[in-house]
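Peer 1: for reference, the sequence and a predicted model appear below.
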Amino acid sequence: MRIPALLAAAALLALPLAQAAYAAPSTPAVPGSAVPPIASKAPHTHGGPAVRSGAPLRAGAGHLSAYSKDLSVSVSPPSFPTAPGAVGTVLVTVCNNGTETPSSAPLVVNGPGDPGLTLTTDHAGPVDGGWNWIRFPVAANLAPASCETERIFANTISTTPGPHSYPGGTAVVTWDPAQNPDDNSAGWAFDTSAPVTNAVLELWRPPKPAGPGNPADFEILERNLGPSTDYPWRGRVVAQLPPGSKWLSSAPTYSPCEISADGTTATCPDTVNNTWANFNRGFALQVDPAATPGSSIPVTITQEAPANPDPHRFVLTVLIPVC
């Protein structure tokens, strides 16, 4: 569901119309009308009241003394970019800059359309909304010279490209036709980062015991658990041996690992860039000739996605028994 025409133009409509639309949210749309029906949601049973502050307010946009009814709104998007498939918390603050106290006022928050946000809230009360817009009453008995802050949870879709900044978000609070029109709306942007790929490295075929100086081999499974690909660059798999042991080869031959000059490091291309994909990789090594029987050779295997934000590194330790 896309942004209803009423809400997409909320900042441009005359204030009485926006207020009337909220007063009857469940009224069906008239054929040919730009106002779609809005289904009411059941009241939320979680969360709590908005955080309020009695701190003195800064002067408004030059009209503070001229308006007795003056609710302002401001939006603080997440401080850091949100990864696609993750949730970013958007803070919306409503302040009473006038001298009268409202019984309540509708707040309408629209998210930027491009990242496909789903907006929810922990507001304790009736909430209406669609794909990327949300509406609920605020400022109930909000005293003059005080503020309250609501939390909006913006859930992104996993295919959202990033990193990118998406402008076009709006927030509008409507109290009365006589309210101050200069500060009752605000714009905001939502920033996304490169997608995070959750991965798992598993020991698929464990190594058999090998004597000092003898060969040993094992096989691992690389798995991409989503929610996204290694966007925009693929990562790599690095297998590290302690000094004394050396890598001999890797499998499959069509996706070989590059072995360092001293033989202790194998750097392999990460071919598991598609979500839910699996890939088996085998390693053959020579056990340290000076290894003590009864000990073990630790192998550290790291899957890296350097283009992604944290978590971007997944580690598996394999022990080679020395007999």
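Peer 2: Alright, I've got the coordinates.
Peer 1: could you pull out the helices in the protein for me?
Peer 2: Along the chain, the segments classed as helices by DSSP state H run 5-8, 15-23.
Peer 1: so, low pLDDT: which residues of the protein?
Peer 2: Under the criterion pLDDT under 70, the flagged ranges of the chain are 1-49, 52-65, 228-233, 307-311.
Peer 1: tell me which residue is most central in it.
Peer 2: Among the residues of the chain, Ala86 comes closest to the average C-alpha position under C-alpha atoms, centre = their mean, at 2.5 Å.
Peer 1: which residues touch that one?
Peer 2: Going by C-beta atoms under 8 Å, 6 or more residues apart in numbering, Ala86 touches 155-156, 196. Bear in mind the C-beta positions are built from the backbone N, C-alpha and C, glycine included.
Peer 1: from Asp270, how far off is Ile301?
Peer 2: 12 Å (C-beta to C-beta, to the nearest Å).
Peer 1: give me the common contacts of the two.
Peer 2: Taking C-beta under 8 Å, 6+ apart as the contact definition, Ile301 and Asp270 share the neighbouring residues Val237.
Peer 1: show me what the strand ranked longest in the chain is packed up against.
Peer 2: Using DSSP state E to define each element, the chain has its longest strand at strand 215-227. Applying 3 or more C-beta pairs under 8 Å, 6 or more residues apart in numbering; DSSP states H and E, one finds that strand 215-227 makes contact with strand 197-205, strand 278-286, strand 296-304, strand 313-321.
Peer 1: buried set for the third one?
Peer 2: Judged by neighbour count using 16 or more other C-beta atoms under 10 Å, the buried positions of strand 296-304 are 297, 299, 301-304.
Peer 1: among those residues, which two are most distant?
Peer 2: Every pair in the buried residues of strand 296-304 was compared (C-beta to C-beta); the two farthest apart turn out to be Ile297 and Glu304, at 22.3 Å.
Peer 1: before we move on, back to that, could I get the buried residues of strand 296-304 in CSV, plus columns for distance to Phe218?
Peer 2: As requested, the buried residues of strand 296-304 are arranged in CSV below (distance: C-beta to C-beta, whole Å):
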residue, distance to Phe218
Ile297, 11
Val299, 8
Ile301, 10
Thr302, 16
Gln303, 16
Glu304, 20
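Peer 1: on that earlier part again, now, which of the contacts of Ala86 sits nearest Asn274?
Peer 2: Out of these, the one with the shortest distance to Asn274 is Val196. That distance is 15.0 Å, counting by C-beta to C-beta.
Peer 1: nearest to Pro243, of the helices and strands packed on strand 215-227?
Peer 2: Closest approach to Pro243 among those (C-beta to C-beta): strand 296-304, 10.8 Å.
Peer 1: now the angle from that closest one to strand 197-205?
Peer 2: Using axes from the mean of the first three to the mean of the last three C-alpha atoms, to 10 degrees, the direction of strand 296-304 lies 150 degrees away from that of strand 197-205.
Peer 1: and strand 296-304, what other elements does it pack with?
Peer 2: In this structure, strand 296-304 packs against strand 197-205, strand 215-227, strand 236-240, strand 278-286, strand 313-321, with contacts taken as 3+ C-beta pairs under 8 Å, 6+ apart.
Peer 1: what residues of the last one count as buried?
Peer 2: Counting neighbours by 16+ other C-beta under 10 Å, one finds that the buried residues in strand 313-321 are 314, 316, 318, 320-321.
Peer 1: so Ala239 makes contact with Thr264?
Peer 2: No - if you go by C-beta atoms under 8 Å, Ala239 and Thr264 don't touch, sitting 9.3 Å apart.
Peer 1: pick out whichever of the two has more residues nearby.
Peer 2: Under the criterion of other C-beta atoms under 10 Å, the comparison of Ala239 against Thr264 puts Ala239 first, with 23 against 17.
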